[in-house]
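Undergrad: Here's my sequence, what's the structure:
(one chain, ligands or ions: 1)
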Amino acid sequence: MSVAVAFPEQAQLEPRLVLTTGLGHLYQGDCLDLMKSMDDDSVDLIFADPPFNLGKIYGSHYDDSRAEEDYVAWSREWIHEGARLLSPGGAFFLYNIPRWNILNGAYMTEIGLTFRHWIAIDIKFGLPIPGRLYPSHYSMLYFTKGKPRSFTRPRVPIPVCRHCGGDLKDYGGHRDKLNPEGLNLTDVWNDIPPVRHRTTKNRSANELSEKLLERVLTIASQEGDRVLDPFGGSGTTYAVSERMHRHWTGVEMGDVEPIISRLTGQEHTVDGPSRGDAGKGPHRVRLPRRGSNQEVLFVDFGGARAN
Ligand SMILES: C[S@@+](CC[C@H](N)C(=O)[O-])C[C@H]1O[C@@H](n2cnc3c(N)ncnc32)[C@H](O)[C@@H]1O
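TA: Numbering: from 1, shown residues only. Below is the predicted model of the structure:
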């Protein structure tokens with residue numbers, strides 16, 4: 001399969017190991033190169049949150065405005081590698097906008113993966129698109145390689161009104177029959193917060209909530225399993241894998257410092273926002289170590305996660 005490479009100078013970089021922890025390895029480089037060097041059936045869960053080809057600025061290493069056919073061909077290439085790397089029964093989660101995931105899902109089916117769910121993740125502060133319905137969810141595909149090896153269905157708290165504390169639904173008069181441990185999780189997730197607060201953000205944009213990754217890892221993996229995330233970003237998947245005692249392999253083509261700082265608990269800096277986050281232009285800001293009382297010089301770029 002041929003793929004147009006917009007930034008060949010970067011794509012030629014061999015992935016280099018930049019961090020090792022007791023559980024994981026982080027590489028800097030192109031995920032495709034790393035994935036091609038890995039063995040068949042060597043990971044139990046893949047979580048992928050690629051750029052959405054919406055013209056965001058990720059730095060000079062990545063062009064986020066590709067021709068549609070190039071983006072789709074590139075996506076197919078790394079999805080294909082991912083499917084090869086998955087162990088039997090392993091799970092593949094792919095987070096993207098519906099426009100791309102409808103194509104990605106069709107391709108995953110075509111190459112023999114098993115569809116489990118299209119999970120709709122509510123967008124808290126989406127932006128309107130002229131001439132379209134108001135986009136209100138991200139899509140997360142959940143496929144497995146054959147019969148799932150691990151599946152745990154989490155329970156979620158019974159939703160209540162945040163003003164009066166009363167139930168939001170009447171449960172057909174059977175409220176007393178509900179499991180006190182909570183409701184069964186559905187495929188519509190309304191409770192994933194955007195990462196907005198300055199003290200919890202590890203970089204300016206595109207960082208997912210740890211709650212999302214905790215849920216994904218809970219549903220489809222067990223302690224000691226190996227997780228692969230080919231699009232490191234700020235390292236959310238790796239941080240959660242560490243906490244949940246999963247082995248992990250990570251790779252990021254751009255700046256890996258936010259990930260290293262996050263995983264080693266150091267103070268970190270955050271580069272400017274991607275275009276579209278708030279349109280305020282780049283700032284260099286300094287964040288304190290989590291939990292410290294240090295004064296913060298910070299520009300809150302405001303937007304919800306929108307790749
Ligand atoms: C949407 S962000 C991921 C954010 C991440 N899920 C988080 O919570 O922080 C996508 C990342 O993929 C990186 N990227 C793009 N192309 C890549 C490639 N071919 N190999 C590795 N990383 C790549 C971008 O630099 C960007 O940091």
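
Undergrad: Next, see if the one helix or strand residue 227 maps to gets close to the ligand.
TA: With elements taken from DSSP states H and E, the one containing residue 227 is strand 226-229. No - counting by C-beta under 6 Å from any ligand atom, the ligand has no neighbours in strand 226-229; the shortest distance is 6.9 Å. The C-beta positions use only the backbone N, C-alpha and C, and glycine is treated the same way.

Undergrad: May I have the phi/psi pair for the residue in the chain that the ligand sits nearest to?
TA: At 2.3 Å from the ligand, residue 233 is the closest residue in the chain, using C-beta to the nearest ligand atom. Main-chain torsions, residue 233, degrees, to the nearest 10: phi 60, psi -120.

Undergrad: Return the residues in contact with it.
TA: 49, 203, 206-208, 252, 259 (C-beta atoms under 8 Å, 6 or more residues apart in numbering).

Undergrad: what do you get for residue 90?
TA: 41, 43-46, 144-145, 149.

Undergrad: would you list those in TSV and tack on distance to the ligand?
TA: TSV is the format used below for those (distance: C-beta to the nearest ligand atom, whole Å):
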residue	distance to the ligand
41	22
43	16
44	18
45	14
46	12
144	21
145	22
149	24
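
Undergrad: If any of the residues you listed are buried, put those into a ChimeraX selection.
TA: Those of the contacts of residue 90 that count as buried under 16 or more other C-beta atoms under 10 Å are selected in ChimeraX with:
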select :43,44,45,46,144,145,149
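
Undergrad: is it fair to say residue 89 lies in a helix?
TA: No - assessed with DSSP: H, G, I helix; E, B strand; the rest coil, residue 89 is strand; it does not lie in a helix.

Undergrad: wait, isn't it in contact with residue 145?
TA: Yes - assessed by C-beta atoms under 8 Å, residue 89 is found in contact with residue 145 at 6.4 Å.

Undergrad: hang on, the earlier thing: for the strand holding residue 227, packing partners?
TA: The contact analysis (3 or more C-beta pairs under 8 Å, 6 or more residues apart in numbering; DSSP states H and E) places strand 226-229 against strand 43-48, helix 236-243, strand 247-252.
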